[in-house]
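> Sequence below, structure please.
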Amino acid sequence: MKPLTEFSPDEIKAAVRERYSQVATDPHCKFNFPVGRRFAESVGYSPKLLDRLLRGMYESFTGAGNPQPYVQLFTREILLDLGCGAGLDLYLYAGKLGSDGGLYGLDFSPQMIDKARRNLDQMGVKDFDLLCCSSDQISLPSASVDIVTSNGIYNLSPDKGPVFREVFRVLKPGGRTIFSEIVLQAPLEERIRKSIDDWFRCIGGAMVEAEFLALMQGAGFINIEVLSKSRNARCGHKLAICAAIRAYKP
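Got it, this is the predicted structure:
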C-alpha cells in the first residue's frame, strides 16, 4: 500500500469519498473505524430515540462523538451540517428548529446524500436542502446561515484552513459553529500515520488541540471554547480525545 506521505490532497479527498460512500452503501462491511448504532449509543444517542428511527439513519453513523447536547437552536435560525452523512444529526436538528427554521446538509459522497434524502423524506422532514460538495467549497452565499455544525469532518480534510475559512464565510455576523472533533493532547509519531487507513480513522489528519484552536482563530473566529473532552471508540490512540468546540464569527 502506498504510504500516506505520498498521497496528494486530491488523492486523499478521493479516497475518503470512496471509503465513506462504501459506508453508505454497505455499512455492515468491516471498517477500521466504528460504524453504526452501537457506536452511536456509546457516544450518547438515546436507544429509545434510535428505536423510533429508520435503520438507515444510524447504520452508517461514523461521527467523532455527539454534538447534539451543545447545539441550542432558536426560532427562524438557519443551520448547516457539514458531513451530514445519512442524516441522523440533521433529523434531530430539524426537530429542534421546527417549521420556521432552515436546514442544510452537506456531504461530498453522492451515496450519502442520496441516503440522507431518502431517510429524511421517509421520516417526514420538510424544507431541507442537501448539498453534494466539498466542505472547503461550500455552495452557499456568504453570511447565509446562523450556525454550522459537524461531527468529525475536519480530520478527513487534507487542508483544514480552507474549511474553517468557508465556515466563517457562510456564517452571518454573530453566527456560531459547534462541532465534535478528534484532537490530540500531544504530537503523534509519524510512524503512527503511515497509511491512508490511518486517515480514515481520523488519526492521520488529527492536530494537537492548541494548534487546531489556533487555526480556528486564524480563520477569524472568536470566543473559541472547548465545551467537553471525552474518549470513545473513535479515539484510535491514547493521545486522541473527542472535543466538543464552540466559536463565533464577530
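> helices or strands next to the longest strand anywhere in the chain in the packing?
In the chain, with assignment by DSSP state E, the single longest strand is strand 171-184. On a contact count with 3 or more Cβ pairs under 8 Å, 6 or more residues apart in numbering; DSSP states H and E, strand 171-184 meets strand 145-151, helix 209-218, strand 240-248. Yep, even glycine has a C-beta here, placed from its N, CA and C like the rest.
> Format these as JSON lines; extra columns: mean neighbour count.
Shown next, in JSON lines, are those (neighbours: other Cβ atoms under 10 Å):
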{"stretch": "strand 145-151", "mean neighbour count": "24"}
{"stretch": "helix 209-218", "mean neighbour count": "16"}
{"stretch": "strand 240-248", "mean neighbour count": "22"}
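> Could you dump the ones you listed into CSV and include mean pLDDT?
As requested, the helices and strands packed on strand 171-184 are exported to CSV (pLDDT from 0 to 100):
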stretch, mean pLDDT
strand 145-151, 98
helix 209-218, 97
strand 240-248, 96
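> So for stretch 166-180, mean pLDDT?
Averaging pLDDT along stretch 166-180 yields 98.
> what about it, distance to the chain center?
14 Å (Cα atoms, centre = their mean, to the nearest Å).
> same thing with stretch 229-239?
With Cα atoms, centre = their mean as the basis, stretch 229-239 stands 16 Å off its chain's centre.
> end to end, how far does it reach?
End-to-end distance for stretch 229-239, by Cα to Cα, to the nearest Å: 12 Å.
> got the helices and strands packed on strand 171-184 as CSV, with distance to Pro9 columns?
Output for the helices and strands packed on strand 171-184, formatted as CSV (distance: least, Cβ to Cβ, whole Å):
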stretch, distance to Pro9
strand 145-151, 19
helix 209-218, 16
strand 240-248, 22
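> tell me the mean pLDDT over stretch 60-78?
When pLDDT is averaged over stretch 60-78, the result is 95.
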